[in-house]
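Undergrad: What would the 3D arrangement of this be:
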Amino acid sequence: MTTTLTGAPPTRDLALALPRAPLAAALALVSIGTKKSTLPILGAVRLAVTDGWLTFVTTDLEQVVETRLPVVGVPDSAPVALPAKRLADVVSHLPASAEVRLATSGLRATVSAGRARFELNGLPADEFPTPPPITSVVSATLPARALLVGLRRAATHTSHEDSRPTINGVLVEATDDGVRIVGTDGGHLYCARMPDAGTLRGEWILPRPVITSITRLFEDEETLRLEADDRGARLVGSMSTLSFRLIEGPYPNFRQLLRFETPHVATVNRAALIAAVKGVAAMSDALRLEANVSAGELALSIDHEDAGRAEDVVPCQFASAGERFRFAVNRELLVASLEVTTGTDVVLQLSAPERAFFIRDAAAPTGETCALVMPLRLEMPAQKPARKAS
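TA: Predicted coordinates:
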């Protein structure tokens, strides 16, 4: 929806009118870039009209969020910084059908609609932080939906440990094989592959908070343009742009985890398995879950010294070199990995009780997307005491 000039003379102060809905939506979008801080400017939104576009910019020093609205006939204006939350609160409480008039005079802004009128004190726009420029060493256009789904799911597998900053983020790696999106916390791993990387080559670690911003800003986009250098990156959509710092440092070598034989394969209904795991977990807060796979069934159990024992069985198809396969796993990591798959059935690809195992969507092509879960050490069965020699 476009905006029309209200008849204000063409000055460097801002003077325009626009429907409440797009203004409120734009302010809500850029709110993800604001930050509670002793620096008031980090809680501000920078507004300016340039070449027929009203731009909204916020930053928390780690990311810069920008969106824009078309404004027809409005002259270019000097930038002004206004308190983002206060402005958004004012606009959100105006009638939904209202036309909002926004005018600035120096550092003071007036917001009005009908007989309602609000005056806000702004900040000098030159105090607004200027982000370091991104020298676009590489750039490429990527499918937005596949990128956002991969980033969102990978983010659920990242670490929250300050001592290992690189696995607090999501790796985006572009090679001749395509684009891989990887998240891990050392206990489980998610890896998705987008087959077409074009000419894009390189690897970048995106901070977890940035993933939240990406999924909010670009959920309606069809394609996104990625521009990046060694320290920062920028994603550009049709109406919004997100610039952010990258996490520096080497990412763990996840590739070696994806290259081993899995002679034991169990296929099971995903929803039934999730329900069974959560069901036995209701017995206690114990995280250790044991699984015993055999022809036709996957048996689950949790033992707790005080609470007791819980068991459940889920039907499955099992192809194996042996008659059964037993392993132990953190139940929370197992559920998290099952929940990032979307198919009706999942495939558990198992190699040895002490080695990581794959979880894949049974209907997806091999190698496209998988989760990988590290097992827990199996406890040895209790040994009977040896007989004393007579």
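Undergrad: how about residue 132, secondary structure?
TA: For residue 132, the assignment made with DSSP: H, G, I helix; E, B strand; the rest coil gives coil.
Undergrad: list the contacts for it?
TA: Taking Cβ atoms under 8 Å, 6 or more residues apart in numbering, we find residue 132 in contact with 231, 232. Using the backbone N, CA and C atoms, a C-beta is placed for each residue, glycine as well.
Undergrad: State the pLDDT value of it.
TA: pLDDT for residue 132: 76.
Undergrad: gap between it and residue 234?
TA: 11 Å (Cβ to Cβ, to the nearest Å).
Undergrad: hang on, isn't residue 184 packed against residue 167?
TA: Yes. Counting by Cβ atoms under 8 Å, residue 184 touches residue 167, with 5.7 Å between them.
Undergrad: low-scoring stretches of this structure, by residue?
TA: For the chain, the stretches with pLDDT under 70 are 1-11, 195-197, 366-368, 379-390.
Undergrad: wait, doesn't residue 290 sit right on residue 300?
TA: Yes. Shown here, residue 290 and residue 300 form a contact pair, counting by Cβ under 8 Å, at 7.3 Å.
Undergrad: Between the two, which has more neighbouring residues?
TA: Neighbour count, other Cβ atoms under 10 Å: between residue 290 and residue 300, residue 300 has more, with 23 against 19.
Undergrad: can you give me the helices for this protein?
TA: 20-30, 84-92, 144-155, 208-217, 270-281, 331-339 (DSSP state H).
Undergrad: Mind putting these into TSV with mean neighbour count and distance to residue 58?
TA: Below are the helices of the chain laid out as TSV (neighbours: other Cβ atoms under 10 Å; distance: least, Cβ to Cβ, whole Å):
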stretch	mean neighbour count	distance to residue 58
helix 20-30	19	4
helix 84-92	18	6
helix 144-155	21	21
helix 208-217	20	10
helix 270-281	17	38
helix 331-339	19	31
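Undergrad: Between the ones you listed, which one is closest to residue 317.
TA: Counting by Cβ to Cβ, residue 317 lies closest to helix 270-281 out of the helices of the chain; the figure is 12.7 Å.
Undergrad: Name the residues that touch the closest one?
TA: Residues from elsewhere that reach helix 270-281, judged by Cβ under 8 Å, 6+ apart: 289, 298, 300-302, 310-315, 331, 334-335, 338-339, 341, 343-346.
Undergrad: Off-centre distance for that helix?
TA: 25 Å (Cα atoms, centre = their mean, to the nearest Å).
Undergrad: Just the C-alphas of it, formatted as CSV.
TA: Extracted in CSV, the C-alpha atoms of helix 270-281 (Å, rounded to 0.1, in the frame of the first residue of the first chain):
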residue,chain,number,x,y,z
ARG,A,270,7.6,-40.6,14.1
ALA,A,271,4.6,-39.4,16.1
ALA,A,272,4.3,-42.7,17.8
LEU,A,273,7.9,-42.7,18.8
ILE,A,274,7.8,-39.1,20.1
ALA,A,275,4.7,-40.0,22.2
ALA,A,276,6.3,-43.1,23.6
VAL,A,277,9.5,-41.3,24.6
LYS,A,278,7.5,-38.5,26.3
GLY,A,279,5.2,-41.1,27.9
VAL,A,280,8.0,-43.1,29.6
ALA,A,281,9.7,-39.8,30.5
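Undergrad: Now find how far off-centre stretch 61-80 is within its chain.
TA: In this view, stretch 61-80 has its centroid 26 Å away from the chain centroid, taken as Cα atoms, centre = their mean.
Undergrad: With stretch 310-319 instead?
TA: With Cα atoms, centre = their mean, you get 32 Å for stretch 310-319.
Undergrad: Return the subset of the contacts of helix 270-281 lying in strands.
TA: 289, 298, 300-302, 310-315, 345-346 (DSSP state E).
Undergrad: Now, of these, which are buried?
TA: Among these, those classed as buried by 16 or more other Cβ atoms under 10 Å are 289, 298, 300, 301, 302, 310, 312, 314, 345, 346.
Undergrad: Which one of those residues is nearest to residue 121?
TA: residue 346 (56.4 Å).
Undergrad: re the thing from before, of the buried ones among the ones in strands among the contacts of helix 270-281, which is the nearest to residue 163?
TA: residue 289 (27.0 Å).
Undergrad: Name the residues linked to that closest one by a beta bridge.
TA: When assigned by DSSP bridges, residue 289 has beta-bridge partners residue 329.
Undergrad: So it versus residue 328, what's the distance?
TA: Residue 289 sits 7 Å away from residue 328 when distances are taken as Cβ to Cβ.
Undergrad: can you check residue 254 too?
TA: Using Cβ to Cβ, residue 254 is found at 22 Å from residue 328.
Undergrad: Over to residue 315?
TA: Counting by Cβ to Cβ, the gap from residue 315 to residue 328 is 21 Å.
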